[in-house]
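Student: I would like the atomic coordinates for the input below:
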Amino acid sequence: MNLRWTLKRLGAMGPHEVGYRSRQWLQTRAERAGFGLVKPLSANDKRGMSWVRSLPVDFSPNKYRDAAGSILGGEFRLFGNREWKLGFPPVWNRDPASGVLAPLRFGKTLDYRDASLVGNIKYLWEPNRHLELVTLAQAWHLTRDERYAHGCGVLLDSWFHACPYMLGPNWTSSLEVALRMINWSFAWHLLGGENAPLFAQTGGQAIKQRWLSAVRQHCHFIDGHLSLYSSANNHLLGELLGLLIGSTTWPCWPESGRWRARSQQRFEEQAMLQNAADGVNKEQAIWYQHEVTDMLLLAGLTARANHCDFSPAFWHRLESMLEFISSCMDVGGNVPMLGDSDDAVIVRFDPRPDFRVYHSLLATGAVLFQRGDFKSKAPLFDDKSRWLLGDSAANVFADLPVVDPNTRVRYAFTHGGYYVLGSELETPREVRLIVDAAPLGYLSIAAHGHADALSFTLSIAGRPILIDPGTYCYHTERRWRDYFRGTSAHNTLRIDHQDQSVPGGAFLWARHAQVRRLAFERDGECQQLRAEHYGYRRLPDPVTHRREIRYQAAEQIIEIVDQVICNGAHYVELFWHFSSECLVTLTNDMAVATRDGIQVALTWPQPLQARVVRGQEDPCLGWLSRRFDQKEPTSTLVVAGSVGAHWRGASQIAISVSNLSAAPLE
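Tutor: Okay, here's the model as predicted:
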């Protein structure tokens, strides 16, 4: 971390963090001078077991062969489904988006937030995680074609030469170092481990020695630069995972036992701390729910295979996390895009761009926890689940009795702050609302949370209707970053053109809207949630926003009652974001959205005025981002006007459904 950024935050730090930052600053200076760095040391012959007893082979190799061939041709897939021509091997220290070549300065003093120096750091880091190394190793494992093993050697050797220990942008972030380590471990096992044929090729032993030397450097780096404060969220968990997997795969140095024991203990502590008892990840972001669930899976399987299993409480927490994903998923397999998402994966087990991460987690969980309800929501035992659990697990999945998931749906996640309303769940006529009465995010920075208190999403018959528009970008384009995580990009109420919570940076919130649930009832025909938040109490005339959402199942009517509890006049805006598949029309007193035989008619409190906005850039409004760094116009209904003290306004959504076809997966 550079000194300028550290000093900027000193005023917001407690004494323990100030001491930690000071020690880190001194450590960086010492390391830059050559003190405290890891010294070369030969590895002994101890090696760990792979994450599964018998590596699976029962795959059609074609898609792995095709994906590996594209990589050898210089095509790398960054952030989901976008192919980039990077060359083979790529220029490891160049940002592929801007073309900026980052300098080989001492990494811990390199300001990776400076786009003029490193470009877009997320794009630079992504290929350096070495997801492609695993794809090449998978292709070799399935075909024994030497081209793919040789390609692994070329990628590794070029990286070792281009990214020397402690120099350049790939030695700035402990998380990036850890993610590279994780992919190295899976590639190592897939290539054959210690006796891999790769190492018998010309120059193979030299590659092996350089690889082992780099592993030790990576472990030492992670151990000495854990994110204990501002990034003590999924970053810390990922760093501990990298150290755990690295020291378990290669327990071949004097420090390895200490690295493994300490990282496993801390990993379990953080897993229990960062994920609420009801299974909701405290980042309040569904993609990070997926990523952290993946971290727990990889850690648990690796530890279990090497006879150092986690506690039953750890595995129960993992099962609860899968239950939250299952409860959020509609009958069409769609999951709302709550909070931040960057489309990143820990290990790319399935190279297809349309790989469904949430279905895969449920398929894996069905086998691990013998959950027929998870199986009913996962359409098949996918490739990633087979890679993780082995060929025999496919038979276990096939023999597992299907259980109606409606019998296991959890409606209230009181710790995490999410609630499920609806009717005929898990049927073709399902109505499902996911209501957000959750905290802003995790820790004081709430890095990946959005200002979305009291918003909700609506899915009908497996088709998203009212949506969370997503994330779009992280480090670059600050106005778009602020829009997509701001209040106006969510189905809630904004006051006086201000966000509920106050942003302090791209991954920092200076003030948090505190939320309180007042009541939740789901018995009988009328379901309701009442909650309020205090984000606008900071205004000169303090305001409390209270919202009640009532769903009448028999009539399929949703009533939303908003109260602005205050003493004076304020300007209010209600935002309703529709899926881009909806056709939205507006009359004087009603908005009607239609798609695929579904119609919702929305009325609003009078005399507020309504307008439909689509693809507006100044100010930003009416956008949807299904994938990182991609956006498209969508229709947003804005209902706005001035109101007086203690205003109360009711909106209503009437649902009608006819002539449905099969639900699409969006």
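Student: Which SSE is immediately downstream of the least confident helix or strand in the chain by mean pLDDT?
Tutor: Lowest on mean pLDDT, DSSP states H and E among the helices and strands of the chain sits helix 3-9, with a mean of 48. As assigned by DSSP states H and E, the chain's next helix or strand after helix 3-9 is helix 15-32.
Student: Can you list the buried residues in that following helix?
Tutor: Residues of helix 15-32 classed as buried: E17, R21, Q24, W25, T28, E31, R32 (neighbour count, 16 or more other Cβ atoms under 10 Å). Any C-beta I mention is one placed from the backbone N, CA and C, and that applies to glycine too.
Student: cool, and stretch 393-413?
Tutor: So for stretch 393-413, counting by 16+ other Cβ under 10 Å, buried means A393, A394, F397, L400, P405, R408, V409, R410, A412, F413.
Student: what distance separates stretch 321-340 from the middle of the whole chain?
Tutor: 12 Å (Cα atoms, centre = their mean, to the nearest Å).
Student: ok, back up a step: so which of the buried residues of stretch 393-413 sit within helices?
Tutor: Among these, DSSP state H puts A393, A394, F397 in helices.
Student: Find me the pLDDT at N2, would you?
Tutor: Note for N2: predicted pLDDT of 46.
Student: Could you give the separation of stretch 606-616 from the chain centroid?
Tutor: Distance of stretch 606-616 from the chain centroid (Cα atoms, centre = their mean) equals 32 Å.
Student: and for it, what are the contacting residues?
Tutor: Stretch 606-616 is contacted from outside by 572, 574, 584, 586, 589, 591, 604, 621-623, 633-641, 643, 649, using Cβ atoms under 8 Å, 6 or more residues apart in numbering.
Student: Serialize the ones in helices among the buried residues of stretch 393-413 to a markdown table and add fields for pLDDT and distance to Q264.
Tutor: Listed next are those as a markdown table, based on pLDDT from 0 to 100; distance: Cβ to Cβ, whole Å:
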| residue | pLDDT | distance to Q264 |
| --- | --- | --- |
| A393 | 98 | 24 |
| A394 | 97 | 29 |
| F397 | 98 | 28 |
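Student: about what we covered before: just give me the closest of the buried residues of helix 15-32 to R547.
Tutor: Of all the buried residues of helix 15-32, R547 sits closest to E17, with 35.6 Å by Cβ to Cβ.
Student: Quick check, C328 in contact with Y418.
Tutor: Yes: taking Cβ atoms under 8 Å as the definition, C328 is a contact partner of Y418 at 7.4 Å.
Student: what sits in contact with each of those two?
Tutor: In contact with both C328 and Y418: I434, using Cβ under 8 Å, 6+ apart.
Student: rewinding a little: for the buried residues of helix 15-32, which one is nearest F578?
Tutor: For the buried residues of helix 15-32, the nearest to F578 is E17 (43.1 Å; Cβ to Cβ).
Student: D382 - nearest residue in space that isn't next to it in sequence?
Tutor: The shortest distance from D382 to any non-neighbouring residue, by Cβ to Cβ, 6 or more residues apart in numbering, is to S360 (4.9 Å).
Student: Give me the packing partners of the helix or strand containing the one you found, helices and strands only.
Tutor: Assigned by DSSP H and E, S360 belongs to helix 357-369. Packed against helix 357-369 by the contact rule (3 or more Cβ pairs under 8 Å, 6 or more residues apart in numbering; DSSP states H and E) you find helix 286-305, helix 312-328, helix 372-377, helix 383-389, helix 391-399.
Student: about what we covered before: out of the buried residues of helix 15-32, which one sits closest to E255?
Tutor: E255 has its nearest neighbour among the buried residues of helix 15-32 in E31, at 16.7 Å by Cβ to Cβ.
Student: and the gap between the closest one and T302?
Tutor: For E31, the distance to T302 equals 29 Å [Cβ to Cβ, to the nearest Å].
Student: and what of D111?
Tutor: Going from D111 to T302 by Cβ to Cβ gives 34 Å.
Student: Is it correct that V38 is in contact with H220?
Tutor: Yes: with contact defined as Cβ under 8 Å, V38 reaches H220; the gap is 3.9 Å.
Student: okay if I get the helices and strands packed on helix 357-369 as a markdown table plus distance to I655?
Tutor: Formatted as a markdown table, the helices and strands packed on helix 357-369 follow (distance: least, Cβ to Cβ, whole Å):
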| stretch | distance to I655 |
| --- | --- |
| helix 286-305 | 24 |
| helix 312-328 | 20 |
| helix 372-377 | 23 |
| helix 383-389 | 35 |
| helix 391-399 | 35 |
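Student: can you tell which of those is closest to F355?
Tutor: That would be, of these and by Cβ to Cβ, helix 383-389, which comes in at 7.3 Å.
Student: Show me what the longest strand along the chain is packed against.
Tutor: Looking across the chain with DSSP state E, the single longest strand is strand 647-657. Secondary-structure packing of strand 647-657 (3+ Cβ pairs under 8 Å, 6+ apart): strand 456-460, strand 557-565, strand 570-577, strand 598-603.
Student: Columns distance to A67, mean pLDDT and mean neighbour count on top of those strands, output as TSV?
Tutor: Formatted as TSV, those follow (distance: least, Cβ to Cβ, whole Å; pLDDT from 0 to 100; neighbours: other Cβ atoms under 10 Å):
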stretch	distance to A67	mean pLDDT	mean neighbour count
strand 456-460	32	98	27
strand 557-565	44	98	19
strand 570-577	35	98	21
strand 598-603	37	98	19
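Student: Who has more neighbours out of D111 and T302?
Tutor: Set D111 next to T302 and count neighbours by other Cβ atoms under 10 Å: T302 wins out with 24 against 18.
Student: Pull up the gap between the closest residue to that one other than its chain neighbours and T249, please.
Tutor: Using Cβ to Cβ, 6+ apart and skipping the chain neighbours, the partner closest in space to T302 is W51 (4.8 Å). Distance of W51 to T249, given as Cβ to Cβ: 9 Å.
Student: between those two, what contacts are shared?
Tutor: Jointly contacting W51 and T249 under the rule Cβ under 8 Å, 6+ apart are H189, T302.
Student: Please confirm that E194 is located within a strand.
Tutor: No: E194: not assigned to a strand; according to DSSP: H, G, I helix; E, B strand; the rest coil it is helix.
Student: ok, the residue lying closest to it once chain neighbours are set aside - contacts?
Tutor: Spatial nearest neighbour of E194, excluding adjacent residues (Cβ to Cβ, 6+ apart): R47 at 5.3 Å. Residues counted as contacts of R47 (Cβ under 8 Å, 6+ apart) are G193, E194, T249, W250, P251, C252.
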